[in-house]
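J.: here's a sequence, model it:
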Amino acid sequence: MRPTQSLLQSATLISQGAEAAIYKCTIHSPAPSASSPAPGGTPVLLKYRFQKQYRHASLDASLTKSRVAGEARALIKCLRSGVNVPGVRLVDASDGLLGIEWIEGSSVRFLLGGDEEGQDLMQDGSEDNLDEEAKHDPLSLTSPDELMSMIGAEIAKMHLADVIHGDLTTSNMMLRLPTSTPQLSATQLDPANLWGQVLIDFGLAYISTLVEDKAVDLLTCVRPPIMAPMTKPETVLKQAEGLISVGQTHAALQSLTEMFTSKRFRSTPLASLEPIMIRFAELCVDMRKGRVAKEGLMQYKNIAQNTSVASIEVVIQKFIGLADAKVVEAQEKAEKAAADAVADVDDLEAIETPESILLGAVSGDQSRDRTDRALVTPWLKFLWESYRTALETLKNNARLEVIYQTVAQQAFQFCLKHQRKVEFRRLCETLRLHLSNVAKYAHQPHAINLQDSDILQHHLDTRFAQLNTSVELELWQEAFRSVEDVHNLLTMAKKAPRPAMMANYYEKLTKIFLMSGNALYHAAAWGKYYSIITAIGGKSDEELGRLAGQVLASALAVPVNQRLESAAEDGKGRTSRLTTLLGLPKPPSRASLIKDALSRNVLKLAPETVRSLYMILEVTFDPLTLSTSVAPVLRTLANDPAYSAYTPLLQRALLSRLLAQLAQVYSSIKVSNLLAFLQPVRDAITEGGGDASVYDEEQVEAYIMRSTHAGEINVRIDHATGEVTFVDDAFANIDDGPLPSSSRETIVQPSASALVRNRLSTIAFALHDSLAILEPTPEPTEEEQRARVSALITAAQTERKALTLRRALVARRRELLSELSLRKEKEEASRRAEAQRRDKEEEARRAVEDLRKREIERARNEIQSKRTEEARQLAISLKERGNLKVDIEDMDNLNTDNLMRLQVEQLEKEKKDKEERLRIVSKRIDHIERAYRKEERPLLAKDYELQQASDRAVFEEIERSRIEASRLAHERDLNTKQRLARMRGEYEARKEMILSKRSAEYEKKQQLAQAKIDEEKAKRRALIMADRAEEERLAEEAEQRRVEQEEEEARLERERLAEEERLRAEEEAAAAAEEEKKRLAEEEAAAIRKAREDERQKALEEARLRAQREDEALARAAARASERKAAPAPSKAAPVSKAAPEAWRRPSAPPVNTPPRSESPALPPKLVRPAGASAGAGGGWREREKARAAGGAAPSPPAAASPPTREEPKKEDDGFQPAKAVWRPRRLQGK
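T.: The predicted structure follows:
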């Protein structure tokens, strides 16, 4: 580990910033000396620039090394120039460590009333401690002016050394005292003892000789108060109030805004911040600063959302309330201005003046509109921006959800009150966007969980308020989208919504479908609404009757043969979408709607007019009198406000009903007759003031064509004959099913297509009935019935069990699918969060890079603008003094160098002009002087004579006056002398008397003074002797203490040396023991090696002897074999093994081919001696034992026969050897 790293581990962390960490440690002197500052060591401040993970390692190391070295160089240069800066104690540029002198003192910012350090003190200690520290505050001993003078002196010395600090703020200045100062009392401190001002933190310092760099360095120190970092909240609020009182509202807002951007803002208590936020909101509203307000509210929301949601609500409501109050105030001003404009009119009959007529022709607006646009519209726009700002601030936060929904509903009321339709659409889009981003921010803290019933209910309330507002503003498209939003939220709800809420939902749907002209779904919505209202109850009979009439009238207003599936404008997706919004299992039809209405007893509760309309359209079949019967009913319904909206729909329904009934009676009809049938209704509508254009010939023909194209009716129009032919083709629609609304039609006579379609079904029914009559089914017995019942019960139970199992499987699969979907959602959310995090990091990096570039560009532009402004000011001053005679506005490149060059050129030109003029003037003067000299030359002698005569006369007059004055003065002096001579005797006597009298007094005083001096000398001598004695005693005591301390240190040193000697002796003894142990181990190992070597030699000797014996045995065997070959062969010879021809066996026992064991490799076969071979071979072990027992020498054993040599395995023809015997386990031996 490096020494610097070990030093950091032993140091204490004080603070850490974005670039470096600050530690405090103590460095001990290498040896104690009298000059050491303290026995405990020297405190040192360590500035450690840690590694930045966001930078490349090599780039980070290079930057860190250069910055540490640059800061150290700047400090050393300042020290050499006499600037009060901390001394450099150590530098390790490769590790990014810089050690400087520890400064005991206070920050100038804290001394001047700042809060960067003062707040920390208030948090760490009590006010009493601060009061105690304030008693020893160096600033209490000097004035701020003196402190500023000290700061200026240090900055001047630093800039004279060409060192630019780069961050010259009061936070980087300290006022320190000598080490002995804190031990003195406040009365003993002297400002002259102060060491002075110390400049710190040269991390941004660099060397430059440019005046501009030094000026920018000073600009950081002398910037205005509104640019200073944040102070205490109360101080900032007071400062803002002071600025507001003098009319500096922009400066006040800027000071509050800069407080929000400070890091201290996050740790400030909310009790102090809330008044500031309210004042900030008031300033933003007064100045219409919407964007600034949004930034401040965002910052405040991030702080207060975890602790006090009520505070956020107070601030938001205050902000919106102030904006609303400004709108009301602007409206009052506009009304007052309009009233004043009317009051200013002298002649009410001639209000239109030529000026107003001309202005109205140019602008197209009335005076009231112009007044509103000038006064009210800006504040309306700001109020709208305030609502949007509040919603953006409060969005996607569960803790702020209640406030969010409240503000959203207030925004709806704003749009409704001021009829702002465009803003309402934008507001709805904003709310949808916020709702769609809920899943995007699900991983964040305080995220909105739509599975929570309370949060979902808040969203539903807001969407219903949105739906109501859109209906009241008559924005039907937006209302339909709001309905879809409500439906999407309802599908997410775990419990059923309130019936009253659903009733409102369906009521708004009825209005939307009515305005869109969709009669079918309008009637379906009325049916759903009626079912909920009847379930809730609480309505009077009159209200229920009116509602039942609307339900029945809306169902009757649906065209008779309407087919939704084949309509061109109604696609399948839209039909299913509308059906889903109504909560219906399938698309509705006219017949199903009427049937459902009748099942709810609507016909009984409906008014008489609606009942009569139902009877005419649905019960009776009289196409010739249909229009005559319906006309008075339609007239009555048109006059009723509750049913007047259904008149256009009922007209189309009547026309469809008339065509359907005529198609059953006639095959063709004249167009004129058809219009005659419709004439009573047309007259009735015209008398009632309605629109009867639907029954015009063109409209009727268009309706017939649309119905034919949609497949509702099948007709053909012949314009030549003016007839409408009802086509009845037997095989036209044979593949189509019945119309959805024709099930309840009264059929007078079936059509040909119906006959063809129903022929087979009629025959089937007839045959079935015939078979039932001819072969009746026998009645089952009681036992058969019981058996069937038991079989049915068993089958039902089996089916029930299977169904239960199937349900369990389905439920389990649903659970698994839900778990899988949740897992996938979580993984997707984590991936999205990771991607968003990477995007945010990249965006933050780009933002930091862009900010750095913008800061560099801004600084460059600022410097350029300052240089340009300085050059302009210089040019103006030069022009005012007359030194510059060019047009400043026409100069393209305006800078100081060009101005100086122009000034020098102009001065050179003026100098040359002046020299030329002087030359001409001097020449002219020379000529004139020559002419004068030429003219006066003859007159000089005469003039000289006259001058001499006048000078003599003047001299004589002066001499005569001087002599006369001297004579008169001598006479006055003689008179004075004679007058004073008479008083000389008295003067001398008085002088002698005074001198004698004062000499006695002087001698007496001199004696007293001498006695007093002697007494004081004696006292002073005694005091000095006592002081010297005390000093000698103190010196002796100090010397004695020093001697005792030296003796104690010597004793401790002896003890330490003795302890070290003891430890060294113990270590040597341990080392000797270890060496002895190692030596013994080596000897033992050598003995073991020697024994092993002996054993190996012995084994080798035994092996040699064994080999020798085997060779001898082989030789004897060979000899016996040769003898046996020479002798006659025995009758039975023992077989010899092919693998070992030298081996021999007993003749009596045939060899047994025993396979080797599978557990171990096969061993060479042993040599077995025959029974009688011992005598011929020279004896065996028995003979050797007998000889040994007899005491004789044991006969030498026969030479051991060499082991039989194995036969080389026979090679194959291709040169390869066969595989050797390989050991196999027992279970594989047979393979």
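J.: and residue 19, backbone torsions?
T.: When read as degrees, to the nearest 10, the backbone of residue 19 gives phi -110, psi -30.
J.: cool, residue 589 as well?
T.: Note on residue 589: backbone dihedrals following degrees, to the nearest 10 are phi -140, psi 170.
J.: ok, residue 716 next?
T.: Dihedral pair for residue 716: phi -140, psi 130, per degrees, to the nearest 10.
J.: quick one: residues contacting the closest residue to it other than its chain neighbours.
T.: The shortest distance from residue 716 to any non-neighbouring residue, by C-beta to C-beta, 6 or more residues apart in numbering, is to residue 725 (4.5 Å). C-beta: built from backbone N, CA, C; applies to glycine. Applying C-beta atoms under 8 Å, 6 or more residues apart in numbering to residue 725 gives the contacts 667, 668, 715, 716, 717, 718.
J.: can you verify residue 725 is assigned to a helix?
T.: No. In this structure, residue 725 is strand, not part of a helix, as judged by DSSP: H, G, I helix; E, B strand; the rest coil.
J.: quick check: the spatially most central residue of the chain vs residue 384, distance?
T.: By C-alpha atoms, centre = their mean, the chain has its centre lying nearest to residue 840, at 6.9 Å. Using C-beta to C-beta, to the nearest Å, residue 840 is found at 30 Å from residue 384.
J.: what's the answer for residue 645, then?
T.: Where residue 384 is concerned, residue 645 sits at a distance of 34 Å (C-beta to C-beta).
J.: more neighbours: which of these two?
T.: Higher neighbour count among residue 645 and residue 384: residue 384, with 22 against 18, using other C-beta atoms under 10 Å.
J.: so what's the closest residue to residue 683 other than its chain neighbours up against?
T.: Excluding the flanking residues, the one nearest residue 683 by C-beta to C-beta, 6+ apart is residue 631, at 7.1 Å. Contacts for residue 631 (C-beta under 8 Å, 6+ apart) come out as 680, 681, 683, 684.
J.: and the gap between the last one and residue 315?
T.: Per C-beta to C-beta, residue 684 is found 64 Å from residue 315.
J.: the more surrounded of those two?
T.: residue 315 (24 against 21).
J.: touching, the more buried one and residue 279? I think so.
T.: No. Residue 315 lies out of contact with residue 279 (C-beta atoms under 8 Å); the separation is 10.6 Å.
J.: so residue 98, which of the three states?
T.: Taken by three-state DSSP, the conformation at residue 98 corresponds to strand.
J.: elements contacting the helix or strand where the residue nearest to the centre of the chain lies?
T.: Element membership for residue 840, per DSSP states H and E: helix 782-881. Helices and strands touching helix 782-881, as assessed by 3 or more C-beta pairs under 8 Å, 6 or more residues apart in numbering; DSSP states H and E, comprise helix 211-221, helix 896-936.
J.: next, the angle helix 782-881 makes with the last one.
T.: Using axes from the mean of the first three to the mean of the last three C-alpha atoms, to 10 degrees, the interaxial angle of helix 896-936 with respect to helix 782-881 works out to 10 degrees.
J.: cool, the first one as well?
T.: Computed with the same axes, to 10 degrees, the direction of helix 211-221 lies at 120 degrees from that of helix 782-881.
J.: show me what counts as buried in helix 211-221.
T.: For helix 211-221, burial by neighbour count (16 or more other C-beta atoms under 10 Å) applies to 213, 214, 216, 217, 221.
J.: residue 785: how many residues sit nearby?
T.: Using other C-beta under 10 Å, the number of residues around residue 785 comes to 11.
J.: in contact with it, which residues?
T.: No contacts exist for residue 785 under C-beta under 8 Å, 6+ apart.
J.: that one and residue 679, how far apart?
T.: From residue 785 over to residue 679 the distance is 68 Å, taken as C-beta to C-beta.
J.: okay, now the unreliable bits of the stretch 1001-1150 of the chain?
T.: Along the stretch 1001-1150 of the chain, segments meeting pLDDT under 70 span 1127-1150.
J.: do that again at 50, thanks
T.: Scanning the stretch 1001-1150 of the chain for pLDDT under 50 picks out 1129-1150.
J.: just the strands from this structure, written as ranges.
T.: 12-16, 21-27, 42-48, 88-92, 97-101, 105-107, 163-164, 173-176, 196-199, 206-207, 668-670, 715-718, 723-726 (DSSP state E).
J.: what comes into contact with the first one?
T.: Looking back up the chat, that one is strand 12-16. With contact meaning C-beta under 8 Å, 6+ apart, strand 12-16 is reached by 21, 22, 23, 24, 25.
J.: in CSV, list those along with pLDDT, neighbour count and distance to residue 876.
T.: Formatted as CSV, these follow (pLDDT from 0 to 100; neighbours: other C-beta atoms under 10 Å; distance: C-beta to C-beta, whole Å):
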residue, pLDDT, neighbour count, distance to residue 876
21, 88, 17, 51
22, 90, 16, 49
23, 89, 22, 54
24, 89, 13, 54
25, 89, 18, 58
